[in-house]
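Colleague: What follows is a predicted structure for the sequence shown.
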Amino acid sequence: MTFTGQFLAFWTYTAMVMAVYCKADRYPPPTGLSYEWLDKFTVTMSWKRPSVLPEDEEIEFLMKNTDNDPGTCVSGTNFTQMFLTEEMCSARWTYKIWTVSKSCKRPTESNPATITIDTPKPRAEVVKDFLCVVYAHEMNCSWIPANRSLNLTLSYRTCGYSEESVRGLKKCDQPYSSGERNGCNLHIDTSLDDFCILVETEAGMSTFKPVLVVPPPVLSVREEGDYLQLSMMPQEVGNSECWIYTVCYSQCNEFRGCYNTSRGETTMKVLYNKSCRYEFQSNVTTAKDCIRIFSNLSEAVPYGSNVLPDGKLTVVAIVIPVILSICVILSCYCFRRHVSIICPIIPDPSAIFKEMMMNGNKELKTTAGSLYTPVPELIEPCKITLVTENSVLKQNS
C-alpha cells in the first residue's frame, strides 16, 4: 500500500472512532432487559452489553428507580434488589439503565433502557398494626387482620440477597388469636438480624420489615453521697454496644428532662436534693447504625419525699398557730356580737300554752255576757215645782 493509501486509511478509521465516541449517544443503552423473582421478596434484573462496543471497552451501567434517585452503578449485567411493597408507592417499579464509563465518573450521555417490574401477586393491605416484641429466647409478633374472613399465611426470613437467605423462608407454625389481635411466635435469632415478613391472602400480599420493640428496661435507684446512682438492667438481645438508654425524671414535682447514656452504658448519676421526691422513667433504643428497635417508657420509679427546709419549718410552726389564734378570737367576737341572730331566744312552750288557755277563757266570758243588750227607752224629764198653800194651782199646758 502506498503512503497515500495508508494515510487515507488512518484518517478514515480515526473519523469512524470519533463518530462513535463523540456523538450525543456515545454509549448505546443495554439490550435484552428481563427480570426474575427469586421469591416474593427478591427480584433479579438482567440485560446484555451493547454489541457495538469493543470487548475491551471498560463500561458500567447506571440504574435509577426515580428521578430523585442518585442511582446505583453496576459493573456486571445483572442486578438483584429486594422490593418490600409496604415501603413502595405501588406494586410496580420502573428502572432506567444507562451505559456509562468506568466508575460512573463521566456524565450519562446515552439514552436509557427501561424495564418495568410487577409483583408476583397483587399488593393488598393484609394486616394492620404489625408489631414484634423481642424477648431473650423468642420473638412474638401480633397484628390486626384487615379482613377476618380471609385465610392469612405468614412467612419470614432474614433479609438479604444471598441464596441462603432466599432458601431460609419459614412459615408461622404457632399461630394464636387473642381478642382483636392475631399473632405468632417466630423462630428468629435474637441477635436481631434484620428480617422480613410476608403476609398473604387470596386477595393479595404484603412484604415489609416489622416494627421491633423490647420490654422497657428495669430501673433501680440508690443513693451515693450527693448523687443518685441510676442503673438499667442490660438488654439480653442484640449487640450490647448498640443500646442507648434514656432516663426521664422529675424533681419536687417538676419535670427536669430526659438524658441519654453513652452507647453500651447502663448507668447514670443525678445530683440528689434530699428535700425532694424524685420519679424516674427509662426506655431504650438502638443507635442509628444498628437495626431499628426501641421500647416504651417504663413505669415511674419514685425515690425520696418532699420535705420543707428547717427555716421554713420554723416559719410554719410560728405562723400557723398565730393565724389560728386570730381566727378563734375573731370568731368569738362575731359570735358575741350577733348572738341574738345566731342563737335566738326560744320561748318556753308551757308559757305559750298557758297564755293560749288564758286568752281563750277571757274570750268565752266576754261572749257569754253580751248575748243580749236591751235598747234603753226614751223618758221625758219630769219637772217638779214647789208651791205654797196660798198659791193658785196652774195647770201646765
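Modeller: Great, that's in hand.

Colleague: can we go C-alpha only for contacts and neighbour counts from here?
Modeller: OK.

Colleague: quick one: the helices in the protein?
Modeller: 3-22, 163-167, 310-337, 339-342, 349-369 (DSSP state H).

Colleague: Which of the ones you listed comes out lowest on mean pLDDT?
Modeller: Looking at the helices of the chain, the lowest mean pLDDT belongs to helix 3-22 (a mean of 48).

Colleague: Tell me how the protein divides into domains.
Modeller: For the chain, automatic domain parsing gives the domain ranges 3-118, 127-213, 219-303.

Colleague: and the ones you listed as a markdown table, adding mean neighbour count and distance to Ile329?
Modeller: Below are the domains of the chain laid out as a markdown table (neighbours: other C-alpha atoms under 10 Å; distance: least, C-alpha to C-alpha, whole Å):
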| stretch | mean neighbour count | distance to Ile329 |
| --- | --- | --- |
| domain 3-118 | 15 | 78 |
| domain 127-213 | 16 | 65 |
| domain 219-303 | 17 | 36 |
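
Colleague: Tell me which of these lies nearest to Ile318.
Modeller: domain 219-303 (20.9 Å; C-alpha to C-alpha).

Colleague: returning to that earlier point: okay, the domains of the chain in JSON lines with distance to Phe335 next?
Modeller: Below are the domains of the chain laid out as JSON lines (distance: least, C-alpha to C-alpha, whole Å):
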{"stretch": "domain 3-118", "distance to Phe335": "79"}
{"stretch": "domain 127-213", "distance to Phe335": "67"}
{"stretch": "domain 219-303", "distance to Phe335": "42"}
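
Colleague: what's the least confident stretch among these?
Modeller: domain 3-118 (a mean of 78).

Colleague: if I look at the residue nearest the centre of the chain, how far off is Tyr245?
Modeller: Centre of the chain computed as the mean C-alpha position; nearest residue by C-alpha atoms, centre = their mean is Asn296, 9.8 Å away. Separation of Asn296 from Tyr245 (C-alpha to C-alpha, to the nearest Å): 11 Å.

Colleague: Quick check: neighbours shared by those two?
Modeller: The contact sets of Asn296 and Tyr245 overlap at 283-284 (C-alpha atoms under 8 Å, 6 or more residues apart in numbering).

Colleague: Now do the contacts for Thr77.
Modeller: 46-49, 61.

Colleague: before we move on, what about Val284?
Modeller: Val284 neighbours (C-alpha under 8 Å, 6+ apart): 216-217, 243-246, 294-296.

Colleague: wait, isn't Tyr227 in contact with Val221?
Modeller: No. The pair Tyr227 / Val221 is not scored as a contact, 10.3 Å apart, by C-alpha atoms under 8 Å.

Colleague: Just list whatever residues bridge to the residue lying closest to Cys159 once chain neighbours are set aside.
Modeller: Sequence neighbours aside, Phe195 is the residue nearest to Cys159 in space, at 4.6 Å (criterion: C-alpha to C-alpha, 6 or more residues apart in numbering). Using DSSP bridges, the bridge partners assigned to Phe195 are Thr158.

Colleague: can I assume Phe195 is in contact with Arg157?
Modeller: Yes. At 5.6 Å, Phe195 counts as touching Arg157 under the criterion of C-alpha under 8 Å.

Colleague: Would you map the strands across the stretch 51-200 of the chain?
Modeller: For the stretch 51-200 of the chain, the strands defined by DSSP state E, counting those that start in this stretch cover 59-64, 72-74, 78-82, 92-101, 113-118, 127-134, 139-145, 153-158, 170-171, 175-178, 181-186, 195-200.

Colleague: packing partners for the fourth one?
Modeller: Yep, that's strand 92-101 we're talking about. strand 59-64, strand 113-118 (3 or more C-alpha pairs under 8 Å, 6 or more residues apart in numbering; DSSP states H and E).

Colleague: okay, the angle between that strand and strand 113-118?
Modeller: Computed by axes from the mean of the first three to the mean of the last three C-alpha atoms, to 10 degrees, the angle separating strand 92-101 from strand 113-118 equals 150 degrees.

Colleague: Pairing partners for strand 92-101, with directions?
Modeller: When DSSP bridges is applied, strand 92-101 pairs with strand 59-64 (antiparallel), strand 113-118 (antiparallel).

Colleague: what's the spacing between Cys132 and Gln81?
Modeller: 25 Å.

Colleague: err, Tyr245, not the other one
Modeller: Taken as C-alpha to C-alpha, the span from Tyr245 to Gln81 is 34 Å.

Colleague: Same check on Lys269?
Modeller: Counting by C-alpha to C-alpha, the gap from Lys269 to Gln81 is 47 Å.

Colleague: Then Tyr27?
Modeller: From Tyr27 to Gln81 the distance is 25 Å (C-alpha to C-alpha).

Colleague: do Leu198 as well
Modeller: Distance of Leu198 to Gln81, given as C-alpha to C-alpha: 16 Å.

Colleague: now do Pro122
Modeller: According to C-alpha to C-alpha, Pro122 and Gln81 sit 18 Å apart.

Colleague: Kindly report the same for Val221.
Modeller: Taking C-alpha to C-alpha as the measure, Val221 falls 49 Å from Gln81.

Colleague: For stretch 325-344, what is the distance to the chain centroid?
Modeller: Centre-to-centre, stretch 325-344 and its host chain are 58 Å apart (C-alpha atoms, centre = their mean, to the nearest Å).

Colleague: same check, this time on stretch 280-295
Modeller: The answer for stretch 280-295 is 16 Å, by C-alpha atoms, centre = their mean.
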